[in-house]
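sequence first, predicted model second:
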Amino acid sequence: MTFRKYLVLLGVMLFASLGDMFLSRGMKQVGEVSISDLPRLIHALGNPWVAAGIVLLIAFFISYLSALSWADLTYVLPATAIGYVVLALGARFWLGESIPVTRWIGILMIVAGVGFVAGGPEVTKRSEKSAVCEAEEVRS
(Lines give C-alpha, C1' and ligand atoms only; values in the text may rest on other atoms or scores of the structure.)
Protein backbone atom coordinates (compact mmCIF):
# COMPACT_ATOMS: atom_id res chain seq x y z
CA MET A 1 0.00 0.00 0.00
CA THR A 2 1.31 3.44 -0.88
CA PHE A 3 1.94 6.36 1.45
CA ARG A 4 -0.97 8.23 -0.17
CA LYS A 5 -3.36 5.39 0.67
CA TYR A 6 -2.19 5.41 4.28
CA LEU A 7 -2.87 9.15 4.37
CA VAL A 8 -6.40 8.62 3.04
CA LEU A 9 -7.11 6.01 5.74
CA LEU A 10 -5.64 8.33 8.37
CA GLY A 11 -7.87 11.11 7.07
CA VAL A 12 -10.93 8.86 7.26
CA MET A 13 -10.12 8.02 10.87
CA LEU A 14 -9.23 11.53 12.04
CA PHE A 15 -11.93 13.45 10.17
CA ALA A 16 -14.68 11.19 11.51
CA SER A 17 -13.42 11.27 15.09
CA LEU A 18 -12.76 15.00 15.19
CA GLY A 19 -16.01 15.77 13.39
CA ASP A 20 -18.00 13.79 15.97
CA MET A 21 -16.18 15.48 18.86
CA PHE A 22 -16.78 18.95 17.43
CA LEU A 23 -20.47 18.16 16.91
CA SER A 24 -20.74 16.91 20.48
CA ARG A 25 -19.11 20.01 21.92
CA GLY A 26 -21.31 22.30 19.84
CA MET A 27 -24.52 20.50 20.68
CA LYS A 28 -23.73 20.63 24.40
CA GLN A 29 -23.58 24.41 24.00
CA VAL A 30 -26.79 24.56 21.96
CA GLY A 31 -28.79 22.24 24.19
CA GLU A 32 -31.49 19.76 23.33
CA VAL A 33 -33.07 20.05 19.88
CA SER A 34 -35.86 18.18 18.19
CA ILE A 35 -36.71 17.64 14.56
CA SER A 36 -40.14 19.08 15.35
CA ASP A 37 -38.48 22.37 16.42
CA LEU A 38 -36.98 23.30 13.06
CA PRO A 39 -35.93 26.88 13.95
CA ARG A 40 -33.87 25.66 16.92
CA LEU A 41 -32.35 22.93 14.78
CA ILE A 42 -31.34 25.48 12.14
CA HIS A 43 -29.96 27.72 14.90
CA ALA A 44 -27.73 24.80 15.98
CA LEU A 45 -26.11 24.84 12.53
CA GLY A 46 -24.84 28.36 13.29
CA ASN A 47 -22.78 27.17 16.24
CA PRO A 48 -19.09 27.30 15.20
CA TRP A 49 -18.32 23.89 16.72
CA VAL A 50 -21.28 22.30 14.93
CA ALA A 51 -20.32 23.97 11.63
CA ALA A 52 -16.69 22.80 11.98
CA GLY A 53 -17.92 19.29 12.82
CA ILE A 54 -20.04 19.24 9.68
CA VAL A 55 -17.06 20.35 7.56
CA LEU A 56 -14.89 17.63 9.11
CA LEU A 57 -17.56 14.99 8.48
CA ILE A 58 -17.80 16.12 4.85
CA ALA A 59 -14.00 15.69 4.63
CA PHE A 60 -14.46 12.22 6.17
CA PHE A 61 -17.03 11.30 3.55
CA ILE A 62 -14.77 12.45 0.70
CA SER A 63 -11.83 10.47 2.14
CA TYR A 64 -14.08 7.46 2.70
CA LEU A 65 -15.28 7.53 -0.93
CA SER A 66 -11.67 7.77 -2.07
CA ALA A 67 -10.67 4.77 0.04
CA LEU A 68 -13.60 2.71 -1.23
CA SER A 69 -12.55 3.44 -4.81
CA TRP A 70 -9.37 1.37 -4.38
CA ALA A 71 -10.11 -1.02 -1.53
CA ASP A 72 -12.86 -3.37 -0.42
CA LEU A 73 -15.39 -2.21 2.18
CA THR A 74 -14.36 -5.13 4.37
CA TYR A 75 -10.85 -3.62 4.47
CA VAL A 76 -11.67 0.09 4.75
CA LEU A 77 -14.32 -0.04 7.46
CA PRO A 78 -12.35 -2.12 9.98
CA ALA A 79 -9.15 -0.20 9.21
CA THR A 80 -10.86 2.97 10.40
CA ALA A 81 -11.79 1.41 13.75
CA ILE A 82 -8.72 2.93 15.40
CA GLY A 83 -10.82 6.09 15.24
CA TYR A 84 -12.79 4.67 18.19
CA VAL A 85 -9.66 5.02 20.32
CA VAL A 86 -9.09 8.60 19.12
CA LEU A 87 -12.74 9.38 19.79
CA ALA A 88 -12.67 7.86 23.29
CA LEU A 89 -9.46 9.70 24.20
CA GLY A 90 -10.86 12.98 22.88
CA ALA A 91 -14.15 12.48 24.71
CA ARG A 92 -12.32 11.72 27.93
CA PHE A 93 -9.64 14.41 27.89
CA TRP A 94 -11.11 17.17 25.70
CA LEU A 95 -14.83 16.87 26.41
CA GLY A 96 -14.39 15.64 29.98
CA GLU A 97 -16.69 12.64 29.58
CA SER A 98 -16.52 9.67 31.91
CA ILE A 99 -15.82 6.38 30.13
CA PRO A 100 -16.47 3.16 32.05
CA VAL A 101 -14.00 0.28 31.98
CA THR A 102 -16.43 -1.92 30.04
CA ARG A 103 -16.48 0.62 27.21
CA TRP A 104 -12.66 0.72 27.14
CA ILE A 105 -12.62 -3.08 26.94
CA GLY A 106 -15.06 -2.97 24.03
CA ILE A 107 -12.93 -0.39 22.22
CA LEU A 108 -9.82 -2.52 22.71
CA MET A 109 -11.64 -5.58 21.36
CA ILE A 110 -12.59 -3.63 18.23
CA VAL A 111 -9.00 -2.51 17.75
CA ALA A 112 -7.77 -6.08 18.23
CA GLY A 113 -10.13 -7.14 15.45
CA VAL A 114 -8.50 -4.58 13.18
CA GLY A 115 -5.26 -6.54 13.57
CA PHE A 116 -6.88 -9.54 11.91
CA VAL A 117 -8.11 -7.43 9.00
CA ALA A 118 -4.87 -5.47 8.55
CA GLY A 119 -2.98 -8.64 7.65
CA GLY A 120 -5.23 -9.31 4.67
CA PRO A 121 -5.20 -7.84 1.19
CA GLU A 122 -6.79 -4.45 0.56
CA VAL A 123 -8.58 -5.81 -2.50
CA THR A 124 -10.06 -9.26 -2.72
CA LYS A 125 -8.46 -11.26 -5.49
CA ARG A 126 -11.13 -12.58 -7.83
CA SER A 127 -10.78 -15.26 -10.41
CA GLU A 128 -10.82 -14.20 -14.05
CA LYS A 129 -14.03 -16.19 -14.55
CA SER A 130 -15.93 -14.26 -11.83
CA ALA A 131 -14.74 -10.93 -13.27
CA VAL A 132 -16.09 -11.92 -16.69
CA CYS A 133 -19.43 -12.95 -15.14
CA GLU A 134 -19.71 -9.62 -13.33
CA ALA A 135 -18.96 -7.71 -16.53
CA GLU A 136 -21.68 -9.64 -18.35
CA GLU A 137 -24.20 -8.91 -15.57
CA VAL A 138 -23.47 -5.19 -15.84
CA ARG A 139 -24.02 -5.21 -19.62
CA SER A 140 -27.37 -6.99 -19.40
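Sure, I can see it. Residues are numbered from 1 along each chain as shown.

would you map the helices across the protein?
Under the criterion DSSP state H, helices of the chain are mapped to 3-30, 38-45, 48-70, 73-79, 83-93, 101-118, 128-139.

would you turn those helices into CSV with mean pLDDT and mean neighbour count?
Every C-beta, even on glycine, is put in place using the N, C-alpha and C of the backbone. Listed next are those as CSV, based on pLDDT from 0 to 100; neighbours: other CB atoms under 10 Å:
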stretch, mean pLDDT, mean neighbour count
helix 3-30, 93, 18
helix 38-45, 90, 12
helix 48-70, 95, 16
helix 73-79, 81, 17
helix 83-93, 91, 17
helix 101-118, 85, 12
helix 128-139, 54, 9
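
any idea which residue sits dead centre in this structure?
For the chain, residue 16 is the residue whose C-alpha lies nearest the centre (CA atoms, centre = their mean; 4.4 Å).

that residue: what's it in contact with?
By CB atoms under 8 Å, 6 or more residues apart in numbering, the contact set of residue 16 is 56, 57, 60, 64, 80, 83, 87.

cool, and residue 11?
Residues near residue 11 by CB under 8 Å, 6+ apart: 59, 60, 63.

leaving out the residues flanking it, which one is nearest to the second one?
Nearest residue to residue 60 in three dimensions, chain neighbours excluded: residue 15, at 3.7 Å (CB to CB, 6 or more residues apart in numbering).
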